[in-house]
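A.B. asks: Sequence and predicted structure are below.
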Amino acid sequence: MPLRLTILIAEDNPADRMLLSTIVSREGHRVLTAANGIEAVSLFRQERPQLVLMDALMPVMDGFEAARQIKALAGDELVPIIFLTSLAENEALARCLEAGGDDFVAKPYNRIILAAKIGAMDRLRRLQATVRQQRDLISRQHQQLLREQEVAKAIFDKVAHAGCLDAPNIRYRQSPLALFNGDLLLAAQTPTGRMFVLLGDFTGHGLPAAIGAMPLAETFYGMAAKGYSSSDLLREMNAKLKRILPVGVFCCATLLDLSFDKRTVDVWSGGLPDGYLLCANGTRVPLKSRHLPLGVLEPEAFVARFEPHTLAEGDRVLLLSDGVVESCNAQNELFGEARLLAVIDANREPLRLLEEIVEALLAFHGQAQDDLSLVEIDVDGQPGPMPIQASYVGAVQPSPLDWSGSLLLRGETLRDYNPLPALLHLLLQVVELRRHAGRVFAVLAELYANALEHGVLGLDSALKVDADGFARYYRLREQRLSALRDGWIEIDLRVEPEDHGGCLRIGVRDSGAGFDIARALAEQPATGKLSGRGLALVRELSDGCAADADGRGVSVEFRWRREA
């Protein structure tokens with residue numbers, strides 16, 4: 001049964017108007033009648049009928065002008081207009097359609113044809129209404145999605161860009177295909193002045209690819225701020241991604257662990273194109289991908305083994321995502337590694353390398369097939385210890401200002417466990433210490449490294465005379481640490497209130513044979529010498545430093561004044 005419509009009949013001839021009204025009423029529709037165009041427009045404005053039967057030639061206002069005004073009043077709602085005309089010329093019929101008519105019926109009227117045309121126009125009207133409703137629904141959902149993406153992007157930027165990407169020694173270019181993208185660039189400085197830089201590339205594009213970036217960035221910045229090693233950081237990120245990502249989604253990544261004082265960079269790469277160590281002498285060393293991406297292997301099978309590289313003055317490190325080498329031209333040719341290396345080799349102004357790569361991609365008519373990221377790290381300069389970001393040390397609570405504790409670590413624990421992040425986390429509960437966290441951690445790390453390497457493991461820092469000596473030293477360290485069964489390190493912490501502030505005392509002792517620590521503390525490190533700098537750093541960063549009489553321990557002090 002057809003739906004009952006309200007139909008407006010505009011006809012100046014009373015007999016024709018009566019005939020049409022009878023035909024339409026018998027079809028079950030409600031009828032409105034008008035004798036001229038002005039009445040028709042007025043009735044439409046008042047009653048909003050669903051369909052109009054319009055005589056073309058009427059007094060006062062003809063049907064053509066009335067149709068144009070009714071169409072304007074209807075807006076984007078389809079109100080079909082069927083012209084009633086005795087005109088036979090093609091041009092006259094075309095005028096009916098140009099004025100906004102959707103169809104016409106020639107006089108004299110045929111009841112069957114008229115009813116069929118009304119039914120057809122009604123179906124068209126309802127179809128257009130459905131399309132309009134779906135369009136409006138899509139528009140509302142699109143606007144809601146945009147608002148949600150804006151909020152998510154603000155949160156994403158606060159988490160993913162919370163580090164030191166604005167450091168003067170980091171340059172980067174990113175060209176995402178969407179508001180969110182699968183490429184992730186993170187950089188953080190540790191409390192001891194090391195710098196971690198991570199370039200990641202999640203499978204896919206857009207929001208789904210960026211979802212994994214949130215927990216990855218949170219883990220990266222949180223663990224870096226608390227002093228965890230790059231190996232611990234990698235293992236935790238892999239375990240978290242393996243736990244939360246669906247099958248087939250993973251993160252290709254390269255992690256750099258830069259030590260500016262030792263002038264080294266340790267590299268772990270899994271799944272990304274080769275990065276490059278661009279040496280000041282003009283040579284380039286590829287940083288090969290030798291591991292599976294993050295989130296693929298189970299934690300027990302994951303290997304966080306870094307490749308060490310020694311750095312010289314003027315050296316740079318270049319990392320890139322596969323969107324660079326996989327950019328295509330109109331002939332579907334890849335930009336490729338050979339073209340990239342040609343740009344690198346032709347570069348004469350190091351500060352313009354990234355711009356020259358981007359220009360080469362544009363000249364190649366590159367059409368990005370993936371999110372594109374380039375990052376270059378200048379290894380010159382010494383950032384030094386930095387404060388811990390407050391967002392990663394927890395809420396501010398009343399500080400415990402009078403307490404002490406002692407931690408004794410023995411053989412197997414020394415081999416498998418790094419106590420420094422946990423100790424730093426404990427010390428950061430003292431709110432006044434947070435602004436000194438970089439100094440405290442640097443000193444604590446140096447004292448612990450001395451106790452472990454020189455005291456318990458018996459290593460001689462004189463080995464570290466050159467790059468090969470460093471390699472021998474750390475190879476021997478790994479061997480002795482893996483075989484460690486005996487020995488101990490004791491760490492004492494004491495926080496005491498003072499009249500206008502407080503004092504932190506740290507004591508570190510070990511089971512080694514001992515050495516003349518007092519003399520080492522008093523010596524100035526020789527210029528150009530690669531070893532013997534640690535205790536000088538301890539003396540410089542602390543407010544008080546003393547050696548135990550037996551040469552097996554060091555005590556340091558940090559004092560602070562209470563803020564007004």
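C.D. replies: Yes, it's here. Worth saying up front: this structure is predicted, and the values here are computed from it rather than measured.

A.B. asks: could you pull out the helices for the stretch 351-500 of the chain?
C.D. replies: Applying DSSP state H, counting those that start in this stretch to the stretch 351-500 of the chain gives helices spanning 353-363, 411-416, 420-427, 437-450, 467-482.

A.B. asks: Can you add distance to N281, mean neighbour count and mean pLDDT and give those back as a markdown table?
C.D. replies: The C-beta positions use only the backbone N, C-alpha and C, and glycine is treated the same way. Converted to a markdown table, the helices of the stretch 351-500 of the chain look like this (distance: least, C-beta to C-beta, whole Å; neighbours: other C-beta atoms under 10 Å; pLDDT from 0 to 100):
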| stretch | distance to N281 | mean neighbour count | mean pLDDT |
| --- | --- | --- | --- |
| helix 353-363 | 16 | 16 | 90 |
| helix 411-416 | 39 | 15 | 86 |
| helix 420-427 | 37 | 18 | 84 |
| helix 437-450 | 32 | 23 | 87 |
| helix 467-482 | 14 | 14 | 83 |
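
A.B. asks: For D543, which of the ones you listed is the nearest?
C.D. replies: The closest of the helices of the stretch 351-500 of the chain to D543 is helix 437-450. By C-beta to C-beta, the value is 9.3 Å.

A.B. asks: Okay, angle between the closest one and helix 420-427 too, please.
C.D. replies: Angle between the axes of helix 437-450 and helix 420-427 is 140 degrees (criterion: axes from the mean of the first three to the mean of the last three C-alpha atoms, to 10 degrees).

A.B. asks: Packing partners of helix 437-450?
C.D. replies: Secondary-structure packing of helix 437-450 (3 or more C-beta pairs under 8 Å, 6 or more residues apart in numbering; DSSP states H and E): helix 420-427, strand 501-510, helix 534-541, strand 553-561.

A.B. asks: returning to what we had before: TSV for the helices of the stretch 351-500 of the chain, including distance to H142?
C.D. replies: Listed next are the helices of the stretch 351-500 of the chain as TSV, based on distance: least, C-beta to C-beta, whole Å:
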stretch	distance to H142
helix 353-363	31
helix 411-416	53
helix 420-427	45
helix 437-450	46
helix 467-482	56
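
A.B. asks: how about these, which one is nearest L292?
C.D. replies: Among those, helix 467-482 comes nearest to L292, with 22.8 Å by C-beta to C-beta.

A.B. asks: Just give me how far the closest one sits from the chain centre.
C.D. replies: Helix 467-482 has its C-alpha centroid displaced from the chain centroid by 37 Å (C-alpha atoms, centre = their mean, to the nearest Å).

A.B. asks: For the closest residue to S21 other than its chain neighbours, give me phi and psi.
C.D. replies: Distance criterion C-beta to C-beta, 6 or more residues apart in numbering; nearest residue to S21, sequence neighbours excluded, is V31 at 4.9 Å. Dihedral pair for V31: phi -120, psi 140, per degrees, to the nearest 10.

A.B. asks: again, but for G514
C.D. replies: Recorded main-chain torsions at G514 are phi 90, psi 160, according to degrees, to the nearest 10.

A.B. asks: Let me know whether it touches A549 as I believe.
C.D. replies: No. The criterion here is C-beta atoms under 8 Å, and G514 misses it with A549 at 9.3 Å.

A.B. asks: Comparing the two, which residue is more hemmed in?
C.D. replies: Using other C-beta atoms under 10 Å, the more surrounded residue of G514 and A549 is G514, with 17 against 10.

A.B. asks: Please tell me how far D103 sits from Q69.
C.D. replies: Noted for D103: a distance of 19 Å to Q69, by C-beta to C-beta, to the nearest Å.

A.B. asks: before we move on, what about G411?
C.D. replies: Distance from G411 to Q69, counting by C-beta to C-beta: 95 Å.

A.B. asks: domains for this protein, by residue range?
C.D. replies: The record's domain parsing of the chain by automatic domain parsing lists 6-131, 161-378, 393-561.

A.B. asks: Just put these in JSON lines and tack on distance to Q143.
C.D. replies: Converted to JSON lines, the domains of the chain look like this (distance: least, C-beta to C-beta, whole Å):
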{"stretch": "domain 6-131", "distance to Q143": "18"}
{"stretch": "domain 161-378", "distance to Q143": "15"}
{"stretch": "domain 393-561", "distance to Q143": "36"}
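
A.B. asks: which of those has the lowest average pLDDT?
C.D. replies: Among the domains of the chain, domain 393-561 carries the lowest mean pLDDT, at a mean of 82.

A.B. asks: so how far is that one from its chain's centroid?
C.D. replies: So, by C-alpha atoms, centre = their mean, the centroid of domain 393-561 is 36 Å from its chain's centroid.

A.B. asks: Can you tell me the element the closest residue in space to A99 that isn't next to it in sequence falls in?
C.D. replies: Nearest residue to A99, sequence neighbours excluded (C-beta to C-beta, 6+ apart): F64, at 4.0 Å. Using DSSP states H and E, F64 falls within helix 63-74.

A.B. asks: what's around the closest residue to P497 other than its chain neighbours, how many residues?
C.D. replies: Among residues not flanking P497 along the chain, L401 sits closest, at 4.5 Å (C-beta to C-beta, 6+ apart). Using other C-beta under 10 Å, L401 has 16 other residues around it.

A.B. asks: Who are the contact partners of L401?
C.D. replies: Counting by C-beta atoms under 8 Å, 6 or more residues apart in numbering, L401 touches V430, V495, E496, P497, G502.

A.B. asks: swap the cut-off to 7 Å and go again
C.D. replies: V430, V495, P497, G502 (C-beta atoms under 7 Å, 6 or more residues apart in numbering).

A.B. asks: which of those sit farthest apart?
C.D. replies: Pairwise distances across the contacts of L401 peak at 10.5 Å for V430 and P497 (criterion: C-beta to C-beta).

A.B. asks: Those two: which has the busier surroundings?
C.D. replies: Set V430 next to P497 and count neighbours by other C-beta under 10 Å: V430 wins out with 19 against 12.

A.B. asks: And the more buried one, how far from V465?
C.D. replies: Using C-beta to C-beta, we find V430 at a distance of 40 Å from V465.

A.B. asks: And for A437?
C.D. replies: When distance is defined by C-beta to C-beta, A437 is 33 Å away from V465.

A.B. asks: quick revisit: which phi and psi does the residue nearest to P497 have?
C.D. replies: Backbone torsions of L401, given as degrees, to the nearest 10, read phi -110, psi 10.
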